[in-house]
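1. I would like to see how this sequence folds:
(one chain, ligands or ions: 1)
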Amino acid sequence: MSIRAALVSRFAPVLRQQTDDPSEYLGMIRPSQNPHFGDFQANFAMPMGKRLGKSPRDIAQQVVERVELDDICETPEVAGPGFINLRFRNDWLAQQLQRARMDDRLGVAKLERPRKYVVDYSSPNVAKPMHVGHIRSTVIGDALQRILQFLGNDVVSDNHLGDWGTQFGMIIYGYRHFVDSTAFAQAPIAELGRLYRLVRELMDYHDGCARLPDLKQQAAAARATADNMRQATVPTDKQEAKKHDKAIKQAVNRSKELADSLADLQAKLSRVESNRSLHKLATQHAEINESVLQETAKLHAGDEENRSLWEQFLPQCRADIQEIYDRLGVKFNFELGESFYHPMLADVVLALAAKGMVKISEGATCVFLDGFDAPMIVRKKDGAFLYATTDLATIQYRMKHWQPDAILYVVDFRQGDHFQKLFAAARQWGYHQVEFQHVSFGTVMGPDGKPFRTRAGDTVGLAGLLDEAEAKALEVVNRLDDQREPSEQMDSAARREVAKVVGIGALKYADLSQNRTSDYEFSLEKMVALEGNTATYIQYAYARVQGIFKRGGIDIQQLRDAGSAIVIADDAERQLALQLLQFDEAIIDAAADYRPNLLTNYLYELARSYASFFDRCPVLKAESDNQRDSRLLLCDLTARTLKQGLKLLNIDVVDRM
Ligand code: ARG
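-> Take a look at the predicted model:
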């Protein structure tokens, strides 16, 4: 039981005397922000007083008199308008630590009512080079499924590969027209990547040419509007003048935005136009956009040649992605890609029609949804199915075969609208009971404040990024190890092994430690920093503990078995103990809101508490054997907790770095 849960269980019967459902009030028993106000604080007396029309201080006083806390806490203190300040007894903390350390799960109980989850994550569109955005889904999804599983839930992880979309039409088209057969024979994936990028560029070029006149017009109109507004007389009324000023600013911004987009587009077009051979290709392939759609449609319709190209390309693409998964240590229970659902799509549309959910609008089959302006199209005029149709089929399949209580989609926030519609349609279709969650996340930004890209303009390839992270980590490992006596140092192979763990861990942690809904700036330098909220810092704390055991010649298993007492005396020991005993709370919070950053925050705080403890409390040079053993046990429990916590994020530890 967590220390919070212990308090809650004592307060619950007392609060139930005042109200039928005390859960909201019990939620107000939280760690204090300031140790001055105790370890935990209960703030429910204020809202309760308001509701009952009584003085909060009296309520707090009454509760404190009734609640049974003697064995857990020092005498509670009522402060200010009615705060209840709680300070745990040191012997109780020590007892809880003993329990945690005897437990393989470090005191984290499994849920009484576990659920079944499907977690849909990673899900890249294969045949396109994977990029840094895919790391976020992969890493966040992987952490969530581990966290949920650790709590005792039944979890099915499913990689909903995009193995059937337009990107295949693109490489099929590219292969037909531009393949370099020698290059393809030697390195198929690199050649397919080149073809993809080439076709993308040509398609974008024609798209851009088509958009240009409109955009020019819009930009000119916006500029004219802004100019006119600037020349208009300012109203004399203060309020009106303010409004006027605001409107001008808006118009100027709008005009600037459009001017920027126009400049961007023009630059893009002229990049193609200034490259003679590329421009020639663009001219020769003026119909490329339609042709790519046709290649895709032919594939979907079962065209033999396209099907066999797809069958040739797909394993190559998957192998390429698998390499990344292997390096990240990510595994899935299922990888049912979009192609898997293709044979079911026609029936899905029929089933929706049978439910009276569809209307034909301009030839397209649409699902109209309450609360949404635009309908969800499930079949285009030309008969093609869409991303949404596949997702409906996927829901049907998952419900039928796995019967989950919840399906989580760990996908970029830009697909928010798609998922809101999808969930609404699925409910209308009859899937009422299941919880659908779009676990959305923001964009990975470069130092320039724009989505992270390499200089060439491509989003950074993932494999290259992993290499860079490992190289950066190696610098850190070298720096640390160089400080040791030469006889103590690792050889270069060992250093590289450590750098792998540190580099990959840093990359994952940087992603996980952000509030997932915000964008974050990608910086390898910061990721592997030894100070601050990084995996490196936490791994370092772990390695430090192992260093103590090694220096002291401690047989840790023997110490664990010996059953020595843990004694909490120093303030730094207390802080560390309090932190250690909130591990389960952190995991539960992270799972409740699908936010791994609540777990990283916890681990960071734990590593920090350990650092203070390490500075203040000598371990091997403790005053007595008892104190030494007690402190060694604290070190050990800290290391185990850090290791287990990182494991839930799929980050490894090393014994030395
Ligand atoms: N393949 C999609 C993309 O890369 C993500 C798929 C997410 N999962 C889903 N069931 N729609 O954008």
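2. and the spatially most central residue of the chain, backbone torsions?
-> For the chain, the residue sitting closest to the mean C-alpha position, by C-alpha atoms, centre = their mean, is residue 140 at 3.2 Å. Listed backbone geometry of residue 140 is phi -70, psi -40, with angles given as degrees, to the nearest 10.
3. ok now do it, which residues does it touch?
-> Neighbour list for residue 140: 121, 410, 439, 441, 511, 512, 516, 596 [criterion: C-beta atoms under 8 Å, 6 or more residues apart in numbering]. No exception for glycine: its C-beta is placed from N, CA and C like everyone else's.
4. let's see 10 Å
-> 119, 121-122, 408, 410-411, 439-441, 508, 511-512, 514, 516, 594-597, 649 (C-beta atoms under 10 Å, 6 or more residues apart in numbering).
5. kindly report the same for residue 474.
-> When contacts are counted by C-beta under 10 Å, 6+ apart, residue 474 touches 492, 495, 496, 498, 499, 500, 502, 503, 528.
6. for residue 556, same thing?
-> Going by C-beta under 10 Å, 6+ apart, residue 556 touches 545, 546, 548, 549, 632, 633, 635, 636, 639, 640.
7. against the ligand, how distant is it?
-> Separation of residue 556 from the ligand (C-beta to the nearest ligand atom, to the nearest Å) stands at 44 Å.
8. which residue does the stretch 551-657 of the chain have closest to the ligand?
-> Here the stretch 551-657 of the chain gets closest to the ligand at one residue, residue 594, 15.1 Å apart by C-beta to the nearest ligand atom.
9. how about that residue: what's its closest non-neighbour residue?
-> In space, not counting the residues next to it along the chain, residue 594 is nearest to residue 439; the distance is 4.7 Å by C-beta to C-beta, 6 or more residues apart in numbering.
10. in a helix, the one you found, correct?
-> No: using DSSP: H, G, I helix; E, B strand; the rest coil, the secondary structure at residue 439 is strand, not a helix.
11. for the residue of the stretch 551-657 of the chain closest to the ligand, helix, strand, or coil?
-> Local secondary structure at residue 594 is given as coil here, using three-state DSSP.
12. ok, residue 305 - how many residues close by?
-> Under the neighbour criterion other C-beta atoms under 10 Å, residue 305 is assigned a count of 12.
13. sec struct for it, please.
-> Going by three-state DSSP, the secondary structure assigned to residue 305 is helix.
14. would you indicate which residues of whichever strand or helix holds residue 245 are buried?
-> Secondary structure from DSSP states H and E places residue 245 in helix 238-273. For helix 238-273, the buried set under the neighbour-count rule, 16 or more other C-beta atoms under 10 Å, comprises 244, 248, 251, 252, 254, 255, 258, 262, 265, 268, 269, 272.
15. what does the helix or strand following that helix rub up against?
-> Where DSSP H and E defines the elements, the next helix or strand beyond helix 238-273 is helix 276-284. Contacts with helix 276-284, where a contact means C-beta under 10 Å, 6+ apart, come from 177-178, 198, 201-206, 209, 269-273, 275, 288.
16. can I have the buried ones of these as a PyMOL selection?
-> Only the buried entries of these go into this PyMOL selection, using 16+ other C-beta under 10 Å:
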select buried, resi 177+198+201+202+203+204+205+206+269+272+288
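17. for the ligand, what are the nearby residues on the chain?
-> 120, 123, 124, 125, 160, 162, 391, 394, 409, 411 (C-beta under 6 Å from any ligand atom).
18. narrow the residues you listed to just the buried residues.
-> Restricting those to buried positions leaves 120, 123, 124, 125, 160, 162, 391, 394, 409, 411, with burial counted as 16+ other C-beta under 10 Å.
19. Serialize these to JSON lines and add fields for pLDDT.
-> Written out in JSON lines, the entries for those read as follows (pLDDT from 0 to 100):
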{"residue": "120", "pLDDT": "98"}
{"residue": "123", "pLDDT": "95"}
{"residue": "124", "pLDDT": "93"}
{"residue": "125", "pLDDT": "91"}
{"residue": "160", "pLDDT": "97"}
{"residue": "162", "pLDDT": "95"}
{"residue": "391", "pLDDT": "98"}
{"residue": "394", "pLDDT": "98"}
{"residue": "409", "pLDDT": "98"}
{"residue": "411", "pLDDT": "96"}
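20. can you tell me how far the residue of the chain most remote from its centre sits from residue 228?
-> The outermost residue of the chain relative to its centre, with distances by C-alpha atoms, centre = their mean, is residue 236 at 51.9 Å. According to C-beta to C-beta, to the nearest Å, residue 236 stands 20 Å off from residue 228.
21. how about the secondary structure of residue 419?
-> Using three-state DSSP, the structure places residue 419 in helix.
22. isn't it right next to residue 376, touching?
-> No: the criterion here is C-beta atoms under 10 Å, and residue 419 misses it with residue 376 at 11.0 Å.
23. ok, those two, which is more surrounded?
-> Applying other C-beta under 10 Å to residue 419 and residue 376 shows that residue 376 carries more neighbours, namely 25 against 19.
24. my read: the more buried one touches residue 425, true?
-> Yes: judged on C-beta under 10 Å, residue 376 makes contact with residue 425 at a distance of 5.6 Å.
25. got the angle between the strand or helix carrying residue 205 and helix 238-273?
-> Assigned by DSSP H and E, residue 205 belongs to helix 188-231. With axes from the mean of the first three to the mean of the last three C-alpha atoms, to 10 degrees applied, the angle from helix 188-231 to helix 238-273 works out at 150 degrees.
26. what's helix 188-231 packed up against?
-> When contacts are defined as 3 or more C-beta pairs under 10 Å, 6 or more residues apart in numbering; DSSP states H and E, helix 188-231 packs onto helix 166-178, helix 181-186, helix 238-273, helix 276-284, helix 288-301, helix 304-328.
27. could you dump those helices to TSV with mean pLDDT?
-> Putting the helices and strands packed on helix 188-231 into TSV (pLDDT from 0 to 100) gives the following:
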stretch	mean pLDDT
helix 166-178	96
helix 181-186	96
helix 238-273	94
helix 276-284	96
helix 288-301	95
helix 304-328	95
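28. can I get those in JSON lines with distance to residue 213?
-> Compiled in JSON lines, these are given as follows (distance: least, C-beta to C-beta, whole Å):
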{"stretch": "helix 166-178", "distance to residue 213": "25"}
{"stretch": "helix 181-186", "distance to residue 213": "38"}
{"stretch": "helix 238-273", "distance to residue 213": "11"}
{"stretch": "helix 276-284", "distance to residue 213": "18"}
{"stretch": "helix 288-301", "distance to residue 213": "17"}
{"stretch": "helix 304-328", "distance to residue 213": "34"}
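29. not counting sequence-adjacent ones, nearest residue to the closest residue to the ligand within the stretch 151-300 of the chain?
-> Relative to the ligand, the nearest point of the stretch 151-300 of the chain is residue 162 (3.4 Å; C-beta to the nearest ligand atom). Spatial nearest neighbour of residue 162, chain neighbours left out: residue 125 (3.3 Å); criterion: C-beta to C-beta, 6+ apart.
30. equivalent analysis for residue 517, please.
-> Setting aside the residues directly before and after it, residue 517 is nearest to residue 442 in space (C-beta to C-beta, 6+ apart), at 5.8 Å.
31. pop out the phi and psi values for residue 103.
-> Residue 103 has phi and psi values of phi -100, psi 130 when expressed as degrees, to the nearest 10.
32. what segments of the stretch 501-650 of the chain are helices?
-> Counting by DSSP state H, counting those that start in this stretch, the segments of the stretch 501-650 of the chain that form helices are 524-527, 535-551, 556-562, 571-580, 583-592, 597-616, 625-648.
33. output the ones you listed as JSON lines; include the columns mean pLDDT.
-> What follows is the helices of the stretch 501-650 of the chain, written out as JSON lines (pLDDT from 0 to 100):
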{"stretch": "helix 524-527", "mean pLDDT": "89"}
{"stretch": "helix 535-551", "mean pLDDT": "96"}
{"stretch": "helix 556-562", "mean pLDDT": "92"}
{"stretch": "helix 571-580", "mean pLDDT": "96"}
{"stretch": "helix 583-592", "mean pLDDT": "96"}
{"stretch": "helix 597-616", "mean pLDDT": "97"}
{"stretch": "helix 625-648", "mean pLDDT": "97"}
